[in-house]
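In: Next come a sequence and a model predicted from it.
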Amino acid sequence: MAAPGHLPTSERSDTPLGRVFVAGHTGMVGAAFVRRLEREPDADVVVRSRREGLDLTDRVAVDRFLSDVRPRTVIVAAARVGGIHANATRPEEFLRENLAIALNLIDGARRAGVPRLLFLGSSCIYPRLAPQPMAEEALLTGPLEPTNEAYAIAKIAGLKLAQACRRQHGLAYHSVMPTNLYGPGDNYHAEDSHVLPGLIRRFDEAARAGAAEVSAWGTGAPRREFLHVDDLADAGVFLLRRADPPDWVNVGSGVDLTIRELTERVAAAVGYRGRIVWDTARPDGAPRKLLDVSLLTRLGWRARIPLEQGLPETVVAYRRERAAGTWRH
Ligand code: GDP
């Protein structure tokens, strides 16, 4: 297997990045792209927050911004995201906001003449019971997991809009479908976060309090794959450099584990030694979500940060962010 950056010269293509608008730079994924792009000499990164007047669900504001800034590349890392509880209880918000962000940015970029766009999706776009590991071809072959259907439908619409722009207008708009992400700058909300940050916070608080038991949601039986967000940003830049990337590509680590195994690793990483009780009133969600990453591997990229390294580093980042008062929660 070729190591990243070590492709034969014939397969290498150095499409220029130019001015890059990273939409969603205050989130975990957008911030990772901004960090990664600092290492690309030809990338001139532009960001604009909601506080600075850019609401990505506002079409007029997005149009004005794109025509002022004239990016060469747009990275759509903005989204309304959340864990199983947030997704399952607020489907209207997740569908509407993510549809609006995808439409405003992809269609806005097309009308502003932006030649290159990378849209960020999610592994939950694949059917709940897709054959594992899930290949790109599994898209639209069966019913979605109900707990995140709203989010998935918005992401499928965005992926298809990018693909349609490419097919009908010849624009190099394409997508990446990451597996469950984690890393610095994650959201540690007690109810709305994803499993990994949710467990880090609860188990760390239990360890500090010397609690005898702590709860984890569901049965612990579902299997999940985790990818460090810095790996995702690296894969995104790798694909943006290609002249002819696939319409959408899975990005994962290629390995999964049960939620039960994950809780044990989190407990060890934060130093929690009490009991773990399973709150089976909480949903399990999809039984398994492991991406088939062979397409991206064939293109010459693979993940470099294993969970054994990324999890303890993320615990350190979480403690630092929390102590500094900058943590999102
Ligand atoms: P999903 O991958 O879309 O299902 O979203 P999550 O990351 O929220 O949840 C993944 C799995 O972890 C589900 O089976 C949850 O029931 C389980 N889980 C266990 N403890 C927690 C927790 O504290 N927070 C969250 N969000 N999920 C948890």
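Out: Perfect, thanks for sending it.

In: Leu118 and Pro133: what is the separation?
Out: Distance of Leu118 to Pro133, given as C-beta to C-beta, to the nearest Å: 23 Å. Heads up, the C-betas are built off the backbone N, CA and C, glycines and all.

In: So Ser193 sits against Asn187, correct?
Out: Yes - between Ser193 and Asn187 there is a contact under C-beta atoms under 8 Å: 5.1 Å.

In: How many neighbouring residues does Ala243 have?
Out: 9 (other C-beta atoms under 10 Å).

In: and it, which of the three is it?
Out: Taken by DSSP: H, G, I helix; E, B strand; the rest coil, the conformation at Ala243 corresponds to coil.

In: Which pLDDT value belongs to it?
Out: If you check Ala243, the pLDDT there is 94.

In: Pull out the buried residues from the helix or strand hosting Ala88.
Out: Counting by DSSP states H and E, the element that carries Ala88 is helix 84-89. Within helix 84-89, the residues scored as buried using 16 or more other C-beta atoms under 10 Å are Ile84, His85, Ala86, Asn87, Ala88.

In: That one close to the ligand?
Out: Yes - Helix 84-89 reaches the ligand (C-beta under 6 Å from any ligand atom) through Ile84.

In: Use 6 as the first number for this chain going forward.
Out: Okay, residue one is now 6; in that scheme the one you just asked about reads as helix 89-94.

In: Can you name the residues in contact with that helix?
Out: 99, 151-153, 155-156, 194, 196-197, 200, 222, 287-288, 290 (C-beta atoms under 8 Å, 6 or more residues apart in numbering).

In: Taking these, please make a ChimeraX selection of just the buried ones.
Out: Selection command for ChimeraX covering only the buried members of these, criterion 16+ other C-beta under 10 Å:
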select :99,152,153,155,156,194,197,200,222,288,290
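
In: out of the contacts of helix 89-94, what pair is the most spread apart?
Out: Pro151 and His194 (21.7 Å; C-beta to C-beta).

In: picking up where we left off before, want to try JSON lines for the contacts of helix 89-94, with pLDDT as columns?
Out: Output for those, formatted as JSON lines (pLDDT from 0 to 100):
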{"residue": "Phe99", "pLDDT": "97"}
{"residue": "Pro151", "pLDDT": "95"}
{"residue": "Thr152", "pLDDT": "94"}
{"residue": "Asn153", "pLDDT": "95"}
{"residue": "Ala155", "pLDDT": "97"}
{"residue": "Tyr156", "pLDDT": "97"}
{"residue": "His194", "pLDDT": "96"}
{"residue": "Glu196", "pLDDT": "95"}
{"residue": "Asp197", "pLDDT": "95"}
{"residue": "Val200", "pLDDT": "97"}
{"residue": "Trp222", "pLDDT": "98"}
{"residue": "Arg287", "pLDDT": "96"}
{"residue": "Pro288", "pLDDT": "96"}
{"residue": "Gly290", "pLDDT": "94"}
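
In: where exactly do the strands run in the stretch 206-334 of the chain?
Out: Here the stretch 206-334 of the chain has its strands, by DSSP state E, counting those that start in this stretch, at 218-222, 228-233, 253-256, 261-263, 280-284, 293-294.

In: Please tabulate those in JSON lines and include distance to the ligand as additional columns.
Out: Below are the strands of the stretch 206-334 of the chain laid out as JSON lines (distance: least, C-beta to the nearest ligand atom, whole Å):
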{"stretch": "strand 218-222", "distance to the ligand": "4"}
{"stretch": "strand 228-233", "distance to the ligand": "6"}
{"stretch": "strand 253-256", "distance to the ligand": "15"}
{"stretch": "strand 261-263", "distance to the ligand": "9"}
{"stretch": "strand 280-284", "distance to the ligand": "8"}
{"stretch": "strand 293-294", "distance to the ligand": "6"}
